[in-house]
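In: Only the shape, not the letters, is given here:
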């Protein structure tokens, strides 16, 4: 089982939403916690608050889309805490899209952050994990990555790519003692979902969501998904023939 206690944990996207809630939860574990996000002021303030608990927390401001900066940050974390034992690649964003006002730049930006940003972080920590024959990589994707949904073509594509990438990577890393988990959340109440103007079934509080995540990580689950009701709906939709799937989604969303 992955060991979170007394480990060096690197969490990206830690300044808000699921990332902030997860940082606060992990800070209750005796560990060395490196938190990264683009907003340095918010990150430093959070690190100061979290250092009151059993974890040793340091802020490492970072734009994960900058590949060189990711490598430099990995080295900085290793210098401060030792090599990363657990990577939680959580940084991501969502921008709704509309075919009538299509902008490929939204797709590029979303893919760069949600997919490439995670890949850059994995690239930076993986060689040392393979050499030590020990490590744990956690990628935060989404249930939306299972099938295409209206207004989420860019977001869904980035999350589908991350799921596929991590599933494929797991085969090779398994032989090197490195574990991989994929986290697929549904709707979690965060500043990101507060912007949504549509019904979000089984909306889950962030603190409950991160409890499910931490329990899943402690057990080394290959896929951690929540809420379970919505997850199983998505899993069923994954195997539906497209004509039936299209009718169901169109009827539900009016698209």
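Out: It's in. Bear in mind that the values here come from a model prediction, so they are computed numbers and not experimental data. Numbering: from 1, shown residues only.
In: Quick one: residues in contact with the helix or strand residue 234 falls within.
Out: Taking DSSP states H and E as the definition, residue 234 sits inside helix 228-239. With CB atoms under 8 Å, 6 or more residues apart in numbering as the test, helix 228-239 has contacts from 143, 146, 147, 184, 186, 187, 201, 202, 225, 245, 248, 249. C-beta here means a position set from N, CA and C on the backbone, and glycine is covered the same way.
In: Which member of those is positioned nearest residue 14?
Out: Residue 14 lies nearest to residue 184 out of those, by CB to CB, at 19.4 Å.
In: residues contacting the closest one?
Out: Counted by CB under 8 Å, 6+ apart, residue 184 has contacts 141, 142, 143, 145, 146, 163, 223, 224, 225, 231.
In: Could you give the bridge partners of it?
Out: residue 225 (DSSP bridges).
In: residues of the helix holding residue 234 that come out buried?
Out: Buried residues in helix 228-239, counted by 16 or more other CB atoms under 10 Å: 230, 231, 233, 234, 237.
In: Check which element follows it along the chain.
Out: Criterion used, DSSP H and E; the element after helix 228-239 is helix 242-253.
In: Distance from the chain centre to that following helix, please.
Out: Mean C-alpha position of helix 242-253 versus that of the full chain (CA atoms, centre = their mean, to the nearest Å) differs by 28 Å.
In: Who are the packing partners of it?
Out: Using 3 or more CB pairs under 8 Å, 6 or more residues apart in numbering; DSSP states H and E, the elements in contact with helix 242-253 are helix 228-239.
In: Please state the mean pLDDT value computed over the helix it packs on.
Out: Averaged across helix 228-239, the pLDDT comes to 91.
In: and the angle for it with helix 242-253?
Out: Helix 228-239 and helix 242-253 are oriented at 140 degrees to each other (axes from the mean of the first three to the mean of the last three CA atoms, to 10 degrees).
In: these two touch, right, residue 134 and residue 178?
Out: Yes - between residue 134 and residue 178 there is a contact under CB atoms under 8 Å: 7.2 Å.
In: show me where this structure has strands.
Out: 8-12, 32-36, 56-59, 86-89, 135-140, 178-185, 188-189, 204-205, 223-226 (DSSP state E).
In: rank those strands by pLDDT, which is bottom?
Out: strand 188-189 (a mean of 80).
In: Can you list the strands that it pairs with?
Out: With DSSP bridges as the test, strand 188-189 pairs up with strand 204-205 (parallel).
In: Distance from the strand it pairs with to the middle of the chain?
Out: 16 Å.
In: re earlier: quick check: of the contacts of residue 184, which has the highest neighbour count?
Out: In terms of neighbours by other CB atoms under 10 Å, those top out with residue 141 at 27 neighbours.
In: Local confidence estimate at that residue?
Out: On the pLDDT scale, residue 141 is placed at 98.
In: mind checking how far it is from residue 226?
Out: Between residue 141 and residue 226 the computed distance is 12 Å (CB to CB, to the nearest Å).
In: Same question for residue 96.
Out: With CB to CB as the criterion, residue 96 and residue 226 are 23 Å apart.
In: ok, those two, which is more surrounded?
Out: Of the pair residue 96 and residue 226, residue 226 is the one with more neighbours under other CB under 10 Å, namely 23 against 15.
In: Who are the contact partners of the more buried one?
Out: Here residue 226 is in contact with 185, 186, 204, 209, 212, 213 (CB under 8 Å, 6+ apart).
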